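**Q** Build me a model:
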Amino acid sequence: MPPVPGNSGIWCVEWWAGSKVPRFISASGFRKATAAVCILAVLVAASPSRGQQGATAPACNLRSAGESAIATVTGPQTLRLADGRMIRLAEIIAAPPLPQQGGDTGHDATSYLKGALGKKVEVKIGGAERDRYGVTNAHLFVAGDPPLWLQQQLVSAGIALAAPQADNKSCFAALRAAEAIARAERRGNWGTAVFKILPASEPRLVANLVQTYQIVEGVAKGVARSGSRITLTFSDDKRFGFRAYAEGAAAKRLSGDGTAIVGKMVRIRGWVERKAGPSITATLPEQVEVVSGEEGAILR
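**A** Here you go, the predicted model:
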């Protein structure tokens with residue numbers, strides 16, 4: 001629910017008949033609203049100082065691909081701009097609600113994004129201009145002083161997960177930091193069963209979430225290499241235990257000191273697959289973290 005420049009108000013999550021609905025409430029409307037919990041800051045008319053303006057800029061390398069306005073929200077992380085471009089928000093996964101997880105439907109990113117309809121945005125990209133389907137994977141910044149980074153707003157509100165991509169990963173560190181704060185403060189879906197770090201020691205729980213993007217954590221019990229692939233195991237259950245496979249750049253980072261990871265808490269993020277048991281395949285080093293304290297260190 002990015003704050004929208006030109007409107008003075010508050011983004012809130014309201015409880016209506018037991019459901020949590022993200023809405024933008026005007027300053028006057030907020031005075032009338034009841035049972036509302038506000039998850040983002042009050043918008044003020046005064047312009048921020050230069051020091052404040054730089055506070056929301058991502059610490060990553062992106063190039064501008066022009067400006068337009070958001071014409072249509074077509075999905076939880078896809079939009080059409082007024083100039084006709086289809087945009088997929090890069091480096092995040094804004095998953096649809098997963099009602100099978102404890103009955104929680106979670107917060108809907110599509111509804112969240114509709115708060116920015118008609119607003120002018122700058123398009124910034126870190127990879128190819130368009131993919132083979134004609135879609136631009138990009139970061140969007142809602143015009144304002146300072147501009148508001150849509151991806152960071154979604155992740156900070158607990159509506160999306162940070163997700164590095166092969167040619168879009170320069171902003172991952174900033175998004176992962178925002179995700180950690182949202183998780184610690186149980187914002188958005190982190191306050192439900194929709195977003196959670198899954199224990200590698202419970203493979204059946206992970207297996208129930210095949211074809212969804214998840215974060216799984218556990219102590220690495222073993223490392224094995226087969227050709228160019230490295231396998232991390234997290235239990236003695238060879239039949240159904242959770243496994244993480246490292247391929248490509250992720251495998252290269254592990255190849256030198258893979259055994260050093262044994263006995264350490266490892267966090268893997270990616271798409272859950274079902275082979276012999278549940279697994280995640282990591283192709284990027286950013287998908288694998290060795291956890292130290294509350295937050296982990298990406299493989300270096």
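**Q** pretty sure residue 265 contacts residue 288?
**A** No: Residue 265 lies out of contact with residue 288 (C-beta atoms under 8 Å); the separation is 11.8 Å. The way it works is simple: take the backbone N, C-alpha and C, and place the C-beta from them, glycine included.
**Q** Looking at those two, which one has more neighbours?
**A** Using other C-beta atoms under 10 Å, the more surrounded residue of residue 265 and residue 288 is residue 288, with 26 against 16.
**Q** Could you double-check that the more buried one lies in contact with residue 249?
**A** No: between residue 288 and residue 249 there is no contact under C-beta under 8 Å: 10.3 Å.
**Q** Please give me every residue in contact with residue 131.
**A** residue 137 (C-beta atoms under 8 Å, 6 or more residues apart in numbering).
**Q** That one and residue 166, how far apart?
**A** Residue 131 is 11 Å from residue 166, where distance means C-beta to C-beta, to the nearest Å.
**Q** before we move on, what about residue 114?
**A** 29 Å.
**Q** again, but for residue 247
**A** Residue 247 is 12 Å from residue 166, by C-beta to C-beta.
**Q** Equivalent analysis for residue 254, please.
**A** 17 Å.
**Q** and these two? which has more neighbours close in?
**A** residue 254 (21 against 10).
**Q** Strands along the stretch 201-300 of the chain, start to end?
**A** 213-219, 222-226, 229-233, 243-246, 265-274, 278-282, 288-292, 295-298 (DSSP state E, counting those that start in this stretch).
**Q** The second one pairs with which strands?
**A** Strand 222-226 sits in its sheet next to strand 229-233 (antiparallel), going by DSSP bridges.
**Q** now the strand it pairs with against strand 278-282, angle please.
**A** Put simply, strand 229-233 runs at 140 degrees to strand 278-282, going by axes from the mean of the first three to the mean of the last three C-alpha atoms, to 10 degrees.
**Q** Name the residues of strand 229-233 that are buried.
**A** 230, 231, 232, 233 (16 or more other C-beta atoms under 10 Å).
**Q** now do stretch 241-257
**A** Buried residues in stretch 241-257 (16+ other C-beta under 10 Å): 241, 242, 243, 244, 245, 246, 249, 250, 251, 253, 254.
**Q** next one: stretch 198-210
**A** Within stretch 198-210, judged by 16+ other C-beta under 10 Å, the buried ones are 198, 200, 201, 203, 205, 206, 207, 208, 209.
**Q** Kindly report the same for stretch 217-230.
**A** 217, 218, 220, 223, 230.
**Q** Quick one: mean pLDDT over the longest helix seen in the chain.
**A** The longest helix of the chain (DSSP state H) is helix 172-184. Mean pLDDT, computed over helix 172-184, is 96.
**Q** Now it: buried residues?
**A** 172, 173, 174, 175, 176, 177, 178, 179, 182, 183.
**Q** What angle do strand 288-292 and it make with each other?
**A** Using the same axes, to 10 degrees, helix 172-184 lies at 50 degrees relative to strand 288-292.
**Q** helices and strands around helix 172-184, which ones?
**A** Judged by 3 or more C-beta pairs under 8 Å, 6 or more residues apart in numbering; DSSP states H and E, helix 172-184 is in contact with helix 150-156, strand 161-162.
**Q** Compare the ones you listed and give me the one nearest residue 93.
**A** Ranking the helices and strands packed on helix 172-184 by their distance to residue 93 (criterion: C-beta to C-beta) puts strand 161-162 first, at 4.8 Å.
**Q** residues making contact with that closest one?
**A** 91-95, 155, 172, 175-176, 178-179, 195, 213, 215, 269.
**Q** I'd say residue 277 and residue 210 touch.
**A** No: Residue 277 is beyond contact range of residue 210, at 10.8 Å (criterion: C-beta under 8 Å).
**Q** Check the buried residues of stretch 198-210 against residue 120 and report the nearest one.
**A** Within the buried residues of stretch 198-210, the smallest distance to residue 120 is 37.5 Å, found for residue 209 (C-beta to C-beta).
**Q** Run through the residues that contact the closest residue to the closest one other than its chain neighbours.
**A** Of all residues not flanking residue 209 in the chain, residue 272 sits nearest, at 5.2 Å (C-beta to C-beta, 6 or more residues apart in numbering). Applying C-beta under 8 Å, 6+ apart to residue 272 gives the contacts 206, 207, 209, 210, 211, 212, 213, 214, 216, 278, 279, 280.
**Q** Now distance to residue 123 and pLDDT too, for those, in a markdown table please.
**A** Shown next, in a markdown table, are these (distance: C-beta to C-beta, whole Å; pLDDT from 0 to 100):
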| residue | distance to residue 123 | pLDDT |
| --- | --- | --- |
| 206 | 36 | 96 |
| 207 | 38 | 96 |
| 209 | 32 | 93 |
| 210 | 33 | 94 |
| 211 | 29 | 93 |
| 212 | 28 | 93 |
| 213 | 24 | 94 |
| 214 | 29 | 96 |
| 216 | 33 | 98 |
| 278 | 37 | 97 |
| 279 | 35 | 97 |
| 280 | 31 | 98 |
